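Colleague: Show me how the following folds:
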Amino acid sequence: MTVRLLTNIGRLWTGTDLLSNAAMLLQHDRVAWVGPAAELPQSLPGIIEDIVDVDEVDNLGGGLVTPGLIDAHCHPVYAGNRYAEITMRASGASKTEITGAGGGVASTVTVTRGTDPWTLCNAVRERLRHWVLSGCTTVEAKTGYHLTRDGELSDIRLLRSLEEEPGMPRLHATFFAAHAVPPEYFGRPHDYVDAVCSWLGDAAQAGADGVDVYCDNQQFTAEDAHRLLSAGQGAGLKTHMHACAKPRHGAVRMATDLQCTSVDLVHETDEEDILALAKTTTPVVVCPTTSLHEHSNPPVRALLDHGVPVGLGTDHNPGQSGLTSLPTAIALAIAMFNMSVLEALRSATVGGAFALGLTDRGVLTPGCYADIVQWDADHEGAFAWSYGLKTLRVWRGGETIR
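Modeller: Numbering: from 1, shown residues only. Now for the predicted structure:
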């Protein structure tokens, strides 16, 4: 087992604490010790007998170091683009006009279904590489642009295969067949929910980690979501929900009743929802780019004040946002959601891990993955200033991937 020493860390955000002049010992792919450099032990039982015998020493030059960031909400598996639609929207076109012109989710479904697997895989690989370069070592990656059993399952297998390639982030693969009602089920959303429920066991076998549903009055109702997420729990999948309902119809409270792994976006919510979330500690994932698009912010300050765990996502998707930089999302969250720098960093690290039901990352403590980022800064305040802080080095499992 290789033992590495990272030393001369000027500022270290561990996910829970902020340390100055820190050091870390890594054993293989895990953190073995972390703390002030002055307290670096001379030996660690079962790991190293004498600190002078470490295999590698990296002097980080007094820089800023954090856990690898975790994007807890994005949609990277698709083909094509919707630039023309986005231009129409920016010029004031209505959703009806855009749909009439062939835009919307259905347009991406058509292109994705018509794209060969090799081309689709190359496109997804290139996108995921952008996340790594910007310091994101775990990405929650949703399917949802095939909307057929075989297509959605192939997307899960694609994600699992990419995760094994060098230079890729860890992936939380979310089966999102309940993204929209496909054309062949037009007017029969409940039949489509029945079909998706029957696919969930196969999704778990294909490597899916979780299942998601778009709970909105124009897509799937809270009752549809309850049926589908209950089936997902029965298949051993973690459960997530796009709680975007307009008008609200109980989606958030239904998610808390089911003890979902996360409830996401929550732009249309109230104090009763917040109290329900606080009672169950169900995490919420917020996405600043979606808030900009919807012209509506989730009640992040109230959620935090009530002790609700908050994760952060880019909500990368072909119809609204091409953002692949979680550091940019951190800066936006600070500016838009009245979050402190450390609150935003927490949401992008340990908060994201919690929202994905993970306990082995997002925090630099002994036993957790050595997913680490050194930033082009010497203080965490740079996240609020830069709108896309650059990385100097990125480690996944103790190995440099940037």
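Colleague: Which residue is the nearest non-sequential neighbour of Asn59?
Modeller: Asn8 (4.8 Å; C-beta to C-beta, 6 or more residues apart in numbering). For every residue, glycine as well, the C-beta is placed using N, CA and C.
Colleague: OK, contacts around the one you found?
Modeller: When contacts are counted by C-beta atoms under 8 Å, 6 or more residues apart in numbering, Asn8 is found next to Asn21, Ala23, Ala37, Asn59, Leu60, Gly61, Gly62.
Colleague: residues of stretch 120-135 that come out buried?
Modeller: Buried residues in stretch 120-135, defined by neighbour count with 16 or more other C-beta atoms under 10 Å: 120-121, 123-125, 127-129, 131-135.
Colleague: Stretch 356-376 spans what distance, first to last residue?
Modeller: 28 Å (C-alpha to C-alpha, to the nearest Å).
Colleague: quick one: average confidence on that stretch?
Modeller: The pLDDT scores in stretch 356-376 average 98.
Colleague: Mind listing what's buried along that stretch?
Modeller: For stretch 356-376, by 16+ other C-beta under 10 Å, it's 356-358, 361-365, 368-375.
Colleague: swap in stretch 202-212?
Modeller: Asp202, Ala203, Ala204, Ala206, Gly207, Ala208, Asp209, Gly210, Val211, Asp212.
Colleague: In which helix or strand does the residue nearest to Asn59 reside?
Modeller: Per DSSP states H and E: Asn8 is located in strand 3-13.
Colleague: Would you list the phi and psi of Leu19?
Modeller: phi -120, psi 150 (degrees, to the nearest 10).
Colleague: How about the contacts made by the closest residue to Ala331 other than its chain neighbours?
Modeller: Nearest residue to Ala331 in three dimensions, chain neighbours excluded: Tyr387, at 4.5 Å (C-beta to C-beta, 6+ apart). Applying C-beta under 8 Å, 6+ apart, we find Tyr387 in contact with Thr328, Ala331, Leu332.
Colleague: Among the buried residues of stretch 356-376, which one lies nearest to Ala276?
Modeller: Distance to Ala276 across the buried residues of stretch 356-376 (C-beta to C-beta) is lowest for Gly357, with 19.2 Å.
Colleague: Which secondary structure state does the closest one sit in?
Modeller: Secondary structure, DSSP: H, G, I helix; E, B strand; the rest coil: Gly357 is coil.
Colleague: hmm, back to that, would you turn the contacts of Asn8 into CSV with secondary structure?
Modeller: As requested, the contacts of Asn8 are arranged in CSV below (three-state DSSP):
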residue, secondary structure
Asn21, strand
Ala23, strand
Ala37, helix
Asn59, strand
Leu60, strand
Gly61, strand
Gly62, strand
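Colleague: so which of the residues you listed is the most crowded?
Modeller: Ala23 (23 neighbours; other C-beta atoms under 10 Å).
Colleague: Hmm, that one is touching Val31, no?
Modeller: No: with contacts counted by C-beta atoms under 8 Å, Ala23 stays clear of Val31, the gap being 11.4 Å.
Colleague: residue boundaries of the helices in the stretch 1-150 of the chain?
Modeller: For the stretch 1-150 of the chain, the helices defined by DSSP state H, counting those that start in this stretch occupy 83-90, 95-100, 105-113, 117-133, 149-163.
Colleague: and Asn338, which of the ones you listed is closest to it?
Modeller: helix 117-133 (26.2 Å).
Colleague: ok, residues contacting that closest one?
Modeller: Residues from elsewhere that reach helix 117-133 (C-beta under 8 Å, 6+ apart): 71, 76-79, 112, 139, 141, 154, 158-159, 161-162, 165, 167-169, 171, 316, 324-326, 391, 394, 396, 401-402.
Colleague: Buried only: go through these for me.
Modeller: Applying 16+ other C-beta under 10 Å to the contacts of helix 117-133 flags 71, 76-79, 112, 139, 141, 154, 158-159, 162, 168-169, 171, 316, 324-326, 391, 394, 396, 401-402 as buried.
Colleague: Throw the buried residues of stretch 202-212 into CSV and include pLDDT, thanks.
Modeller: Output for the buried residues of stretch 202-212, formatted as CSV (pLDDT from 0 to 100):
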residue, pLDDT
Asp202, 98
Ala203, 98
Ala204, 98
Ala206, 98
Gly207, 98
Ala208, 98
Asp209, 98
Gly210, 98
Val211, 98
Asp212, 98
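Colleague: and which of those residues is nearest to Val54?
Modeller: Closest to Val54, out of all of the buried residues of stretch 202-212 and judged by C-beta to C-beta, is Asp209, at 34.5 Å.
Colleague: Hmm, the closest one is touching Thr239, no?
Modeller: No: the criterion here is C-beta under 8 Å, and Asp209 misses it with Thr239 at 10.7 Å.
Colleague: low-confidence ranges in the stretch 251-400 of the chain?
Modeller: Scanning the stretch 251-400 of the chain with the threshold set as pLDDT under 70 gives no residue ranges.
Colleague: so where do the helices sit in it?
Modeller: Under DSSP H, counting those that start in this stretch, the stretch 251-400 of the chain gives helices at 251-257, 271-280, 288-294, 300-305, 326-337, 341-347, 350-355, 382-386.
Colleague: wait, which of those is closest to Ala243?
Modeller: Using C-beta to C-beta, the helices of the stretch 251-400 of the chain put helix 251-257 closest to Ala243, at 4.4 Å.
Colleague: Next, the buried residues of that closest one.
Modeller: Buried, per 16+ other C-beta under 10 Å, within helix 251-257: Ala251, Val252, Arg253, Met254, Ala255, Thr256.
Colleague: Using CSV, lay out those residues together with distance to Ser198.
Modeller: Formatted as CSV, the buried residues of helix 251-257 follow (distance: C-beta to C-beta, whole Å):
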residue, distance to Ser198
Ala251, 23
Val252, 27
Arg253, 27
Met254, 22
Ala255, 22
Thr256, 26
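Colleague: farthest-separated two in the buried residues of stretch 120-135?
Modeller: Within the buried residues of stretch 120-135, Leu120 and Gly135 form the most distant pair, 25.6 Å apart (C-beta to C-beta).
Colleague: If anything else comes up later, I'll come back, but that's it for now.
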